[in-house]
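# Sequence plus the predicted model coming up.
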Amino acid sequence: MQISWVLLAENVAFNEETPSKEGLAMSDALRAEARSLADRPYHFEIECEPGELSPEVPRYMASVREIPYCVAQGFTEKEARKEISSVLIDYILSMLTRGLDVPEPEIKPCDHNSNYAV
């Protein structure tokens, strides 16, 4: 079972009960922009912790260093990586929908080999 969470904004493009074509197009454009921004070289951090249900079954917590509260978890490191990538897109979409600035990735000279820290 995969569990992830993200603070999602209300989609302001959908003010009507049935979305208009303009609202759908705006939503698609924002999602495309969110995907593009999420492809930037953000730094992901993954920690292994004892599981809540059983200490023998670990859980992997993933976060984005540059974006506080953008977190996800999985039962394996691979799951956590997959989940955080998806959550990052949704989180950025939420920021764009609310008109908030999306933080830039940190650029450090020694960070060119990998975006993941375990």
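Nice, I can see it. Residues are numbered from 1 along each chain as shown.

# ok, for C48, nearest residue in space, not its chain neighbours?
By the measure of C-beta to C-beta, 6 or more residues apart in numbering, the closest residue to C48 outside its immediate chain neighbours is P58, 5.0 Å from it. Bear in mind the C-beta positions are built from the backbone N, C-alpha and C, glycine included.

# For stretch 47-60, give the mean pLDDT please.
Predicted confidence along stretch 47-60 averages 84 (mean pLDDT).

# Endpoints of that stretch, how far apart?
6 Å (C-alpha to C-alpha, to the nearest Å).

# sorry, back to before: give me the number of residues near the residue nearest to C48?
15 (other C-beta atoms under 10 Å).

# shift numbering so it begins at 26
Shifting the count to begin at 26 puts that one at P83.

# Contact partners for it?
With contacts defined as C-beta atoms under 8 Å, 6 or more residues apart in numbering, the neighbours of P83 are C73, E74, P75, G76, F100.

# of all those residues, which two lie farthest apart?
P75 and F100 (12.3 Å; C-beta to C-beta).

# which residues do those two both contact?
Shared contacts of P75 and F100 (C-beta under 8 Å, 6+ apart): P83, R84.

# The helix ranked longest in the chain: which residues count as buried?
With DSSP state H applied, the helix covering the greatest number of residues in the chain is identified as helix 102-122. Residues 104-110, 112-122 are the ones in helix 102-122 that count as buried (16 or more other C-beta atoms under 10 Å).

# Any stretches of this structure with poor pLDDT?
Per-residue confidence for the chain (pLDDT under 70) gives these ranges: 26-51, 133-143.

# now the strands for it?
Per DSSP state E, the chain has strands spanning 28-29, 69-74, 84-89, 92-99, 141-142. These are given in chain order.

# okay, the angle between the longest one and strand 84-89?
An angle of 150 degrees separates the directions of strand 92-99 and strand 84-89 when computed by axes from the mean of the first three to the mean of the last three C-alpha atoms, to 10 degrees.

# Report the angle between strand 92-99 and helix 102-122.
Strand 92-99 runs at 140 degrees relative to helix 102-122, counting by the same axes, to 10 degrees.
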